[in-house]
Structure formats: C-alpha cells, structure tokens
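Trainee: just to be clear, the model below is a prediction. Sequence and coordinates:
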Amino acid sequence: MSTSPIDDVSGPAAWSDRYVDIINRGAYGELRALFSDEAVFYTPTGRTLRGADEISDFYTGFLPTLHPRVRISSRLVGANETMFALAASTDDEPTEFIGAVDHVTVDDTGRAVRMMVFTRPAGSP
C-alpha cells in the first residue's frame, strides 16, 4: 500500500501544519494532495478555483516566484475547520509580515474541501 502526504494529516490543525511544511520546503507540487478533487479555493484576488488540479496549478505557478518562508502566528481550530494567520518573509521582503489569513474546511479524509485566503492590502507595511 502506498502512502501520500495526506496520510500524515488527521485533522484541520495537522492540515495547516502540513501546508506550512510543504511551502517551507518549496515542494509546492505536494500541496495537491492536501485538497479533495471537489475542493473550492477562493483566492485573495477574487478568483474561484475548483478541484485539486486547478488549485495545485495556482500554487505551483505562484509560490516559486516568491520563495516564501511561513509560520503559523495564530490559529483557531474547530472540528473540521481551521483559521490561521501566516507570518511570512520572502527573498524580496526578508522582514516578517502577516502574509495571509486562511480559512480551511476539511472532509473526513483530512483533505481540504474549501479554502479561503485573505491577504494584506497592497502597500501595507
């Protein structure tokens, strides 16, 4: 029996820990395994992405341009959802800042079925 990255995820808090780990390792393609094929992703720009493949394409096209380093600075956890603030830094912006606030709902398999990302307004310190 083969395993996938999702095998390490048992709930919404673990999901967010895995999400941060994947981003910090620069293994952006592994993010696909965190999303269900029916997932809906609301981007901070107002686009709605559907399905693990479309969401993965978004991340693999976007994150390599930033090379972010992130950590969870605050987190709330419910039975099947989590909301967390990501403190971030990038090569171009090495001073840590609040980069995003994410809300994620997971299904019984531990995969995200809904994710909404809020980012700081352009030009914010």
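Mentor: In hand now; what should we look at? Numbers count the residues shown, from 1 in each chain.

Trainee: what strand or helix carries the residue most central in space within the chain?
Mentor: The residue lying closest to the centre of the chain (CA atoms, centre = their mean) is residue 19, at 5.2 Å. Per DSSP states H and E: residue 19 is located in helix 12-25.

Trainee: what residues sit buried inside the next helix or strand after that helix?
Mentor: Once helix 12-25 ends, the next helix or strand along the chain (criterion: DSSP H and E) is strand 35-42. When burial is assessed from 16 or more other CB atoms under 10 Å, strand 35-42 yields the following buried residues: 35, 36, 39, 40, 41. The way it works is simple: take the backbone N, C-alpha and C, and place the C-beta from them, glycine included.

Trainee: where do the helices of the protein begin and end?
Mentor: For the chain, applying DSSP state H gives helices covering 12-25, 52-62.

Trainee: what mean pLDDT does the shortest one have?
Mentor: So the one you mean is helix 52-62. The pLDDT scores in helix 52-62 average 96.

Trainee: can you pull out the low-pLDDT segments for the chain?
Mentor: 1-9, 122-125 (pLDDT under 70).

Trainee: burial check on residue 49, number of neighbours?
Mentor: 19 (other CB atoms under 10 Å).

Trainee: mind checking how far it is from residue 42?
Mentor: In this view, residue 49 and residue 42 are 8 Å apart by CB to CB, to the nearest Å.

Trainee: residue 95 now?
Mentor: Counting by CB to CB, the gap from residue 95 to residue 42 is 28 Å.

Trainee: next: residue 76.
Mentor: Counting by CB to CB, the gap from residue 76 to residue 42 is 18 Å.

Trainee: nothing else from me, thank you.
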